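Novice: fold the following.
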Amino acid sequence: MSEKARKALITENFSIALDILRAHKMRSGLIILGVSIGVAALMGMVSIVLGLKASITDEITSSEQVSLMVMKYDFVVVSSEDEYREMMRRKDIKQESVRAVRESCPSLKEVGFYVEPTTRPSLTLRYKDEKSRMTQLGGCEASLFAIYNLEMEEGRLFIEQEIRTRADVVVIGSAVKKNLFPNVDPIGKEIKIDDEDFLVVGTAAERKTLFGDLANNFAMIPYTTYMAKFWKESDNCIIYASVRQGVDPERAKDEVTNVMRRERGLKANQPNDFSVTTSDATLEMINTITGPVGSILTALSSIGLLVGGIGVMNMMLVSVTERTGEIGLRKAVGATRRDILWQFLIEAGTLTGLGGMLGIIIGMAAASAVSALAGLPAKFSVVYILVGVVLSVAVGIFFGLFPASRASKLDPVKAMSYAK
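Specialist: Presented below is the predicted three-dimensional model:
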C-alpha cells in the first residue's frame, strides 16, 4: 500500500469513528467521560506535585548563598529503633563549637547558634487579652536572620549585650504580630511566653512561602535566655552557617566536619557523631521524597484510566456485534483484516483521545481551583499534557485491540448474513 493510500485509509477510518460517535452519543459520551475523569485526576495530581516541588525548590534556592546546618543527627529514615536510640544518645552540639567553627572555617560567612524545643515545639503567647495561635519558640543569635534572609519590618534584632546578659527580649514573626497586636505598635510592649514576661524589640517582615502563616508564626529570643528558662535535655541544638559567595559547598562542609571532629574528640577511626547538611543536600532529599510520592499518586489516579479502558473494551465488543453485517460488506468489497483492525483501533483511540483532551482541561481547571482555595501551588507542564493525550489514546488502542482483532477475524460470508 502506498503512503498516499495509507493516509487516505486512516482519514477514512477517522471519519467513520466520528460518525459512530455521533450515532451513539450516549454510549460514546459515557466512555469519553470515564476516560476524562481518569486523565483529569492524573493531571490534577501531577500539577499539584510539580507545583509543590517547584515551590519548595524556589524557597530553598531563592537565596544566592548556600546555607549549612550542623546537628547531632541526620535527616534520614532510621532503619531500627536501636539506631534511633543511638543517635539520641549522641552529645548535644555545644555553643563552644560555634566559636570554633566561626574562627576556623574561612569558607563560611555567617555562623549562628540555634536551640529549638522538640517535646513542646509550640506554645501560646499572650498580650493582655489577646492570644496567639500555637507559636514556634526558638533561641538564637542575631546572625540566624542574616543566614536565612529574614528581614525586619519594625524594631531591631537583639544585640550582643542582651545575649550575654540573658535579656528577656523577643523578636516575633508577622503572624504573631497580627494575632497579638492587630491595631497596636508591638515595639516596646511586653508579652507573656509561658508566664514569663518578654519585651518585644522587633518584628520580622512577612515571608510569602508555601506554608503561609506557619512560616511567620515564630518568636525568637536570645539562645542564652532560652537555655536559662526553657531548656530541656530533649531540645535540639543546631549550628547554622552561610557559605561565602563562590566557595564550593563541599569544601565548606569538609572544613566544618574537621572542626567538629576535633571539638568532639573523635579519633581517625571513629565515625561522625553529628551531621553536616547543606541546603543543596536538603534539595536532593526533597527530590528523593517527592519523586516516589508523585509516582504513587500518579499510579492511584491512573485507576480511573483503567476503568475507562475497560469501558472502551466493553463498548467496542458491543459495537463489533452490532456491526457484523457492516464488517462483512467491507470485507466483501476488498477490505483486508488489517483494514478492519485499524478501523476499530482508530475508533477506540479517537474516543479515548477526546476523553483525554477533555480530562486535561478539567484536571488543569481543578488544579487551579485547589491552588486558589487551598493555597497549594500548581504547575503545568507541556510534557505531561502531551503524555496525558498519548496515554489516553494508548489506553483506547490497548483495550480496543481485542475487539478489533475479533472483528478482523470475522468470516465475511457469515458476517454478511447479518447485513440488513
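
Novice: strands along this protein, start to end?
Specialist: 67-71, 108-116, 122-123, 125-127, 130-131, 135-140, 152-155, 169-172, 190-193, 196-204, 218-222, 236-243, 275-278 (DSSP state E).

Novice: quick one: closest of these to Ala146.
Specialist: Across the strands of the chain, Ala146 has its closest neighbour in strand 108-116 (5.1 Å, Cβ to Cβ). All C-beta atoms are positioned from the backbone trio N, CA, C, and that covers glycine.

Novice: helices or strands up against that closest one?
Specialist: helix 95-104, strand 135-140, helix 143-147, helix 223-229, strand 236-243, helix 249-263 (3 or more Cβ pairs under 8 Å, 6 or more residues apart in numbering; DSSP states H and E).

Novice: winner for burial among the strands of the chain?
Specialist: strand 169-172 (a mean of 26; mean count of other Cβ atoms under 10 Å).

Novice: give me the mean pLDDT for it.
Specialist: Strand 169-172 carries an average pLDDT of 94.

Novice: can you list the strands that that strand pairs with?
Specialist: According to DSSP bridges, strand 169-172 forms sheet pairs with strand 196-204 (parallel), strand 218-222 (antiparallel).

Novice: that older thread, can I get the strands of the chain in TSV including distance to Thr350?
Specialist: Formatted as TSV, these follow (distance: least, Cβ to Cβ, whole Å):
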stretch	distance to Thr350
strand 67-71	53
strand 108-116	59
strand 122-123	56
strand 125-127	62
strand 130-131	61
strand 135-140	55
strand 152-155	58
strand 169-172	61
strand 190-193	66
strand 196-204	57
strand 218-222	56
strand 236-243	56
strand 275-278	52
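
Novice: go through those strands and find the least confident stretch.
Specialist: strand 122-123 (a mean of 75).

Novice: of all the strands of the chain, which lies closest to Lys409?
Specialist: strand 275-278 (62.9 Å).

Novice: hmm, who's touching the closest one?
Specialist: If you take Cβ atoms under 8 Å, 6 or more residues apart in numbering as the criterion, strand 275-278 is touched by 66-75, 243, 249, 252-253, 256-257, 260.

Novice: go on, stretch 87-107?
Specialist: 70-74, 78, 108, 111-113, 223, 237-239, 241, 243-244, 247, 251-252, 255-256, 259-260, 262-264, 273-274.

Novice: quick revisit: just tell me which of the strands paired with strand 169-172 ends up closest to Glu130.
Specialist: It is, among the strands paired with strand 169-172 and with distance given as Cβ to Cβ, strand 196-204, at 12.6 Å.

Novice: tell me how far that closest one lies from the chain's centre.
Specialist: The chain centre lies 34 Å from the centre of strand 196-204; the measure is Cα atoms, centre = their mean, to the nearest Å.

Novice: likewise stretch 245-258?
Specialist: 28 Å.

Novice: give the buried residues for it.
Specialist: Using 16 or more other Cβ atoms under 10 Å as the test for burial, stretch 245-258 gives Val247, Pro249, Ala252, Lys253, Glu255, Val256, Thr257.

Novice: how about the nearest residue to Gly400, chain neighbours excluded?
Specialist: Ala348 (2.8 Å; Cβ to Cβ, 6 or more residues apart in numbering).

Novice: ditto for Asn217
Specialist: Counting by Cβ to Cβ, 6+ apart, the residue nearest Asn217 is Ala175, at 4.0 Å.

Novice: now Tyr114: how far from Arg207?
Specialist: Taken as Cβ to Cβ, to the nearest Å, the spacing of Tyr114 relative to Arg207 amounts to 17 Å.

Novice: can you map out the helices along the stretch 251-400 of the chain?
Specialist: Taking DSSP state H, counting those that start in this stretch as the test, the helices found in the stretch 251-400 of the chain are 279-301, 303-322, 324-332, 337-374, 382-408.

Novice: can I get those in TSV including distance to Met26, mean neighbour count and mean pLDDT?
Specialist: Shown next, in TSV, are the helices of the stretch 251-400 of the chain (distance: least, Cβ to Cβ, whole Å; neighbours: other Cβ atoms under 10 Å; pLDDT from 0 to 100):
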stretch	distance to Met26	mean neighbour count	mean pLDDT
helix 279-301	26	14	63
helix 303-322	11	18	75
helix 324-332	20	18	74
helix 337-374	13	21	81
helix 382-408	18	19	80
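
Novice: now the ones you listed as JSON lines including distance to Gly155?
Specialist: Shown next, in JSON lines, are the helices of the stretch 251-400 of the chain (distance: least, Cβ to Cβ, whole Å):
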{"stretch": "helix 279-301", "distance to Gly155": "28"}
{"stretch": "helix 303-322", "distance to Gly155": "54"}
{"stretch": "helix 324-332", "distance to Gly155": "82"}
{"stretch": "helix 337-374", "distance to Gly155": "33"}
{"stretch": "helix 382-408", "distance to Gly155": "46"}
